[in-house]
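Asker: Fold the following, please.
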Amino acid sequence: MCKESRENKRGFSRLNAEFYVRYKNIINDMSQKHSRFVITKSINISKRGICISAPCEMANDTMIHSDIFIHDRIIRSFCRVRWSKPSRGGAGYECGMNFVIFNEPDMDFIGETVEKYGRSG
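Answerer: Numbers count the residues shown, from 1 in each chain. I've put the predicted structure just below:
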């Protein structure tokens, strides 16, 4: 499959980049008085979603509260887990998530960052 076909399938260009991400499962947060954020890094990001490294597998449709640190900006969002699979590196998992709730300026900032630093299919 050529790069253009993959980009059309995904709908948005992606940037392979490691940005710090902290997240927590919204359901667990509601059931635990002092739930803590998990700190990790992104694998890639687009205007539509993000793929992160995670220490454990996450079920599809799990709702996540995340803060993504891109340069000097914090993107606060809620995401829905779309898939989770063992990491190619052997430890942990890769989890793909769609953004569900975040503001338009943040969406534009992510799009500008992807365009500025290059596309990946």
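Asker: Tell me which residue lies nearest the centroid of this protein.
Answerer: Ile50 (2.4 Å; C-alpha atoms, centre = their mean).
Asker: which residues sit against the strand ranked longest in the chain?
Answerer: Ranked by residue count and defined by DSSP state E, the top strand of the chain is strand 73-86. Strand 73-86 is contacted by residues 23, 26, 49-50, 54, 57-69, 92-102, 106, 109-110 when judged by C-beta atoms under 8 Å, 6 or more residues apart in numbering. All C-beta atoms are positioned from the backbone trio N, CA, C, and that covers glycine.
Asker: For PyMOL, what selects the buried ones among these?
Answerer: Here is the PyMOL command that picks out the buried ones among the contacts of strand 73-86, judged by 16 or more other C-beta atoms under 10 Å:
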select buried, resi 23+49+50+54+58+62+64+65+66+68+93+94+95+96+97+99+102+106+109+110
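Asker: Among the contacts of strand 73-86, which ones are in helices?
Answerer: 26, 106, 109-110 (DSSP state H).
Asker: residues in contact with the nearest residue to His71 once chain neighbours are set aside?
Answerer: Spatial nearest neighbour of His71, chain neighbours left out: Thr113 (7.8 Å); criterion: C-beta to C-beta, 6 or more residues apart in numbering. Contacts for Thr113 (C-beta under 8 Å, 6+ apart) come out as 15, 45, 70-71.
Asker: neighbour-wise, which of the residues you listed leads?
Answerer: Of all the contacts of Thr113, Ile45 has the most neighbours under the rule other C-beta atoms under 10 Å, reaching 25 neighbours.
Asker: okay but that one is in contact with Phe109, surely?
Answerer: No: applying C-beta atoms under 8 Å, one finds Ile45 not in contact with Phe109, separated by 10.9 Å.
Asker: This completes my enquiry, with thanks.
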